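> below are the sequence and a predicted model; questions follow.
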Amino acid sequence: MIAANPDKVAEYRGCMDKLFGFFMGQVMKAPQGKANPGVVTEILKPKLDQ
């Protein structure tokens, strides 16, 4: 998901708060909203901040 959206990753790094919601939504779509948002945040945030 991150590799598929490099332009959004670059935008995220410029204004993190707005785009974190975009990435969170993309991740939550895959398991049809059944993923634990806390766990997703724990995993996603460090990957985006690399």
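Perfect, thanks for sending it.
> where does residue 35 sit: helix, strand or coil?
Following DSSP: H, G, I helix; E, B strand; the rest coil, we place residue 35 in the coil state.
> okay, and the residue lying closest to it once chain neighbours are set aside sits in which element?
Setting aside the residues directly before and after it, residue 35 is nearest to residue 28 in space (CB to CB, 6 or more residues apart in numbering), at 5.7 Å. In short, each C-beta sits where N, CA and C put it, glycine included. Residue 28 is part of helix 16-29 when elements are defined by DSSP states H and E.
> and stretch 28-43, which residues are buried?
residue 40 (16 or more other CB atoms under 10 Å).
> quick one: low-confidence ranges for the chain?
The chain contains residues with pLDDT under 70 at 16-17.
> and the residue nearest the centre of it?
residue 23 (2.8 Å; CA atoms, centre = their mean).
> may I have the residues that are in contact with that residue?
1, 2, 5, 8, 12, 44, 48 (CB atoms under 8 Å, 6 or more residues apart in numbering).
> just the buried ones among these, please.
Buried among those (16+ other CB under 10 Å): 8, 12, 44, 48.
> picking up where we left off before, tell me the contacts of the residue nearest to residue 35?
Shown in contact with residue 28 (CB under 8 Å, 6+ apart): 35, 37, 40.
> helix/strand/coil for residue 3?
coil.
> re the thing from before, of the contacts of residue 28, just say which sits nearest to residue 19.
residue 40 (14.8 Å; CB to CB).
> so that closest one sits against residue 27, correct?
Yes - Residue 40 lies in contact with residue 27 (CB atoms under 8 Å); the separation is 5.2 Å.
> elements contacting the helix or strand harbouring residue 8?
Assigned by DSSP H and E, residue 8 falls within helix 6-14. Judged by 3 or more CB pairs under 8 Å, 6 or more residues apart in numbering; DSSP states H and E, helix 6-14 is in contact with helix 16-29, helix 37-49.
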